[in-house]
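Next comes the sequence, and after it the predicted model I'd like to discuss.
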Amino acid sequence: MPPPDHLLRNADVDWDAWPVDAYLAECYAKLFPLDDAVIVHHSAFYRRIPPDSVARSVEFGAGPNLYPLLLAGAASRCIEALDRSAANLAYLRRQIHDGPDPRWLTFHRRCRELNPALPTDPGQILARVKMIAGDGLDLSAGAYDLASMHFVAEGATEDPDEFARFCGRFVAAVRPGGYLVAAFIEGLGRYRAGTDRQWPGYPVDRDVVRAVFSPWTSDLVVDRIDRDATPVGFDYTGVVLLTARRREADGA
Ligand SMILES: C[S@@+](CC[C@H](N)C(=O)[O-])C[C@H]1O[C@@H](n2cnc3c(N)ncnc32)[C@H](O)[C@@H]1O
């Protein structure tokens with residue numbers, strides 16, 4: 001970890017310059033084992049939620065990743081994709097209006113194999129997606145029934161307190177009792193996302209995630225999977241996976 005005065009915080013980098021194409025090429029060129037494991041884990045969570053029973057959900061820091069939106073497509077009638085990066089939102093807008101890139105069809109097939117309640121046409125799911133340009137740290141509390149987050153709090157700051165604030169806003173985004181599902185890269189450090197520019201990374205593990213979420217949640221389950229052969233360009237040791245509900249009375 002860099003010393004405290006060298007930590008990159010969320011406002012220190014230009015998220016509008018997020019390298020969408022390089023990131024997609026590095027992380028989502030195809031369905032790698034890392035994401036397959038996340039999809040298997042999250043599908044078990046989504047299968048327990050009756051279709052169309054969630055009025056409004058949010059994907060917190062959506063980036064250009066379509067599979068978290070596809071996963072939510074049976075449970076949620078309105079999926080809001082929140083991000084502060086104009087580049088990521090422009091990519092999402094094209095996916096919604098012009099149809100998904102062929103790469104996402106494999107992801108959709110896998111999600112549907114594991115949750116047959118998902119529509120056969122990914123376009124039907126994307127029609128439920130609404131883009132929200134904004135800062136997750138300013139997200140108002142209690143507006144959603146379900147919140148999901150993939151590789152954001154630990155990939156958007158190096159400051160432990162700011163990591164906890166991201167997680168706190170994520171939890172507070174749902175009403176008390178609302179559903180939470182998330183994935184964190186374990187052991188991440190500062191990373192490049194396929195270019196020369198550097199992006200903040202905070203190395204978390206299962207204990208860090210459990211300690212941050214415990215005070216605000218009930219039914220908290222924190223799992224992890226080991227690093228696999230997925231050829232990503234950053235160092236990591238595994239993936240931490242979380243499901244929970246927001247506590248009925250909390251301080252998030
Ligand atoms: C490592 S990327 C993960 C992207 C995507 N969720 C995925 O699964 O690949 C981090 C994402 O967080 C977004 N982000 C960073 N700071 C944010 C903030 N304060 N509010 C909302 N989104 C933010 C970035 O624009 C980027 O899309």
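Here it is on my side, so go on.

Below-threshold pLDDT in the stretch 151-252 of the chain: ranges please.
250-252 (pLDDT under 70).

Quick check: residues of it near the ligand?
151-152, 155-156 (C-beta under 6 Å from any ligand atom). Backbone N, C-alpha and C define where each C-beta goes, glycine included.

can we see that at 8 Å?
151-152, 155-157, 166, 183, 185, 191, 193, 199 (C-beta under 8 Å from any ligand atom).

and these, which of them are in helices?
Within those, residues falling in helices by DSSP state H are residue 166.

Kindly write the PyMOL command that selects the buried subset of the residues of the stretch 151-252 of the chain next to the ligand.
Burial among these is assessed by 16 or more other C-beta atoms under 10 Å; the matching PyMOL selection reads:
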select buried, resi 151+152+155+156+157+166+183+185+191+193+199
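
nearest to residue 7, of the residues of the stretch 151-252 of the chain next to the ligand?
residue 157 (7.8 Å; C-beta to C-beta).

Wait, residue 155 touches residue 201, no?
Yes. Here residue 155 reaches residue 201: they are 5.8 Å apart, a contact under C-beta atoms under 8 Å.

list residues touching both of those two?
185, 188, 191 (C-beta atoms under 8 Å, 6 or more residues apart in numbering).

nearest residue to the last one other than its sequence neighbours?
Read it as residue 191. With C-beta to C-beta, 6 or more residues apart in numbering as the measure, residue 234 is the residue that lies nearest to residue 191, at 4.0 Å, once sequence neighbours are left out.

Near the ligand, which residues of the stretch 1-150 of the chain are found?
10, 15, 18, 23, 27-28, 59-65, 67-68, 82-85, 87-88, 134-137, 139, 149-150.

still on that earlier bit, export the shared contacts of residue 155 and residue 201 to JSON lines and tack on distance to residue 109?
Shown next, in JSON lines, are the shared contacts of residue 155 and residue 201 (distance: C-beta to C-beta, whole Å):
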{"residue": "185", "distance to residue 109": "24"}
{"residue": "188", "distance to residue 109": "28"}
{"residue": "191", "distance to residue 109": "29"}
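
for the residues you listed, which one is nearest residue 94?
Nearest to residue 94 among these, with distances taken as C-beta to C-beta, is residue 191, at 24.8 Å.

Next, the contact list for that closest one, please.
Shown in contact with residue 191 (C-beta under 8 Å, 6+ apart): 155, 198-199, 201, 233-235.

Over to residue 103?
Residues near residue 103 by C-beta under 8 Å, 6+ apart: 24, 28-30.

Could you write me a PyMOL select line covering just the buried ones among these?
To isolate the buried members of the contacts of residue 103 in PyMOL, using 16+ other C-beta under 10 Å:
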select buried, resi 24+28
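
Can you show me the strands along the stretch 101-250 of the chain?
129-133, 144-150, 174-186, 217-226, 238-246 (DSSP state E, counting those that start in this stretch).

Tell me which of these is the most buried.
Among the strands of the stretch 101-250 of the chain, strand 144-150 has the highest mean neighbour count (mean count of other C-beta atoms under 10 Å), at a mean of 25.

Report the distance from it to the chain centre.
With C-alpha atoms, centre = their mean, to the nearest Å as the basis, strand 144-150 stands 8 Å off its chain's centre.

Can you give me the neighbour number for the closest residue to residue 74 other than its chain neighbours?
Excluding the flanking residues, the one nearest residue 74 by C-beta to C-beta, 6+ apart is residue 117, at 3.9 Å. If you count neighbours by other C-beta atoms under 10 Å, residue 117 ends up with 14.
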